[in-house]
Structures are given as C-alpha cells and as structure tokens.
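Visitor: What would the 3D arrangement of this be:
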Amino acid sequence: MKQPILLSALLLVGCAEGPPTRGVPTTFAAVCDKANEGKRMALEGYVDFPEHFKGKDLTIMMRLRPEFDSRDRVVGVSARLGKGPNHIEKPPVSYTVRDIRLNTTDGKVLGYRDKVMVSGTMYYPLVAQEFKCGLTNTLIESPGQ
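Guide: Below you'll find the model as predicted:
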C-alpha cells in the first residue's frame, strides 16, 4: 500500500514545476551561487552529450560549458529524450557525437558544436558530480532568442 502513495507523491513533486520557462540570464561564474538555488536561470554555452544512452532512460544528463573546448565551470543540464521540441533525439546503437541532435523549443535542430541557450531551475546535486550545480526542467533554445 505504501508504494502507490510514494509513487503518487513523486509524481506530484515532478509536476510541481510546470512547463519549462525562460530563466534570468546569468554567467557561468554566478550560476552556482547559493542565492540562485531553486531559481530559473539561463546560460549560453556548449553541451557535452553523454557517451552512452541506456535503453530505458527518458532523461539524460549533459554538461554545459562556456566555451566549446572549455573544461572549467561545467553545469549539469538534464534533457528529455524524444523527437519533439525541447528534446534530444536518441541516437542509433552505434554513433558518434556528430549523430546526436538537440531539438530546440524554437524549432531548430542543433548538433554537438552548436551554441545553445539553456534555461532551468538551479539545484545542487545530492551526490558528488563533476559539476557544482545543475539545471533541471530545462528549456533549450537557440542563442539570441
């Protein structure tokens, strides 16, 4: 009996944020400030796609960087798998990063070398990651929109 109640509670929490919206523009230097926790923030940068896609995952975690070749100030970014706007397309079983496509909310399809604007609710991960903070409930757009 406890499982349905727990599942219902988790579903309600997941729906509490509503649809993704544009965040307040910020910088990589400031996004992880404690004052931004729980707020909608927006960053422009370049995403690193995951090296592996697990069969049943519906959401994947990418890394957003200020510059294409940068390894500094990485921010975690979650994205939903799918073919519609604001989704990342699941690549074929055998793929390279050039095969991965990111569908923006403004109807564009971006690849691994394209700059993106990502808005999301800033959070701190519960377990240690290579990023200090992340963005969830993301809105993915072309830069300059």
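Visitor: Any figure for the gap between residue 143 and residue 129?
Guide: From residue 143 across to residue 129, the span is 25 Å (Cβ to Cβ, to the nearest Å). Bear in mind the C-beta positions are built from the backbone N, C-alpha and C, glycine included.
Visitor: Residue 77 too?
Guide: Going from residue 77 to residue 129 by Cβ to Cβ gives 12 Å.
Visitor: Neighbour count for these two, which is higher?
Guide: Between residue 77 and residue 129, residue 77 has the larger neighbour count (other Cβ atoms under 10 Å), namely 24 against 14.
Visitor: Excluding residues flanking it in the chain, which one is nearest residue 89?
Guide: Leaving aside its sequence neighbours, residue 89 sits nearest to residue 101 (Cβ to Cβ, 6 or more residues apart in numbering; 4.5 Å).
Visitor: Measure how buried the one you found is and give me the count.
Guide: Based on other Cβ under 10 Å, the number of other residues close to residue 101 is 16.
Visitor: Just say helix, strand or coil for the closest residue to residue 141 other than its chain neighbours.
Guide: Using Cβ to Cβ, 6+ apart and skipping the chain neighbours, the partner closest in space to residue 141 is residue 117 (4.4 Å). Recorded secondary structure, residue 117: strand (DSSP: H, G, I helix; E, B strand; the rest coil).
Visitor: Show me what residue 117 is bridged to.
Guide: residue 44, residue 141 (DSSP bridges).
Visitor: ok, it - contacts?
Guide: 42-44, 140-145 (Cβ atoms under 8 Å, 6 or more residues apart in numbering).
Visitor: which among these end up buried?
Guide: 42-44, 140-142 (16 or more other Cβ atoms under 10 Å).
Visitor: Could you single out the nearest of the residues you listed to residue 63?
Guide: The nearest member of the buried ones among the contacts of residue 117 to residue 63, counting by Cβ to Cβ, is residue 43 at 11.8 Å.
Visitor: hang on, isn't the closest one packed against residue 30?
Guide: No - counting by Cβ atoms under 8 Å, no contact exists between residue 43 and residue 30, whose distance comes to 9.8 Å.
Visitor: that older thread, for the residue nearest to residue 89, phi and psi?
Guide: phi -120, psi 130 (degrees, to the nearest 10).
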